[in-house]
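S.K.: Got a sequence here, can you build the structure:
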Amino acid sequence: MAQIDIHRPHGMSEDAARRRAEDLARRLEQRRGVRWRWEGDELRLDAPSGPAKGTRGSVRVDAEVVRIRVELPLFLRPMRPVVETKLREKLDAMLGKS
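M.R.: As a prediction, the model looks like this:
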């Protein structure tokens, strides 16, 4: 699997950052069929079907940092740069540019 690992500081409350992460997860659920659930401070994501099938990831929200990890299945490895760019754009929209 190809991994993407992005860290981004944020200047908001932890609750606000969690709400924004959850909003993003809801959009992914609606648009891409991604399932999500909270496990403590980590939002777990997986795509059982659709164009992102086999992709897994997490969004960890701490008091000062948001960390996104994504594992792409073999057939999506060539798309890694595109996926990482899109994730960074979504993170910028979610938290503001770093």
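S.K.: quick one: contacts for the nearest residue to Ala52 once chain neighbours are set aside?
M.R.: Leaving aside its chain neighbours, Ala52 sits nearest to Arg32 (5.3 Å; criterion: CB to CB, 6 or more residues apart in numbering). Backbone N, C-alpha and C define where each C-beta goes, glycine included. Neighbouring residues of Arg32 by CB atoms under 8 Å, 6 or more residues apart in numbering: Ala47, Gly50, Pro51, Ala52.
S.K.: ok, these vs Glu39, which is closest?
M.R.: Using CB to CB, the shortest approach to Glu39 within the contacts of Arg32 belongs to Ala47, at 17.1 Å.
S.K.: Around the nearest residue to the closest one once chain neighbours are set aside, how many other residues sit close by?
M.R.: Closest residue in space to Ala47, ignoring its immediate chain neighbours: Thr55 at 4.5 Å, by CB to CB, 6+ apart. For Thr55, the neighbour count with other CB atoms under 10 Å is 20.
S.K.: With Ser49 instead?
M.R.: Burial of Ser49 is recorded as 11 neighbouring residues (other CB under 10 Å).
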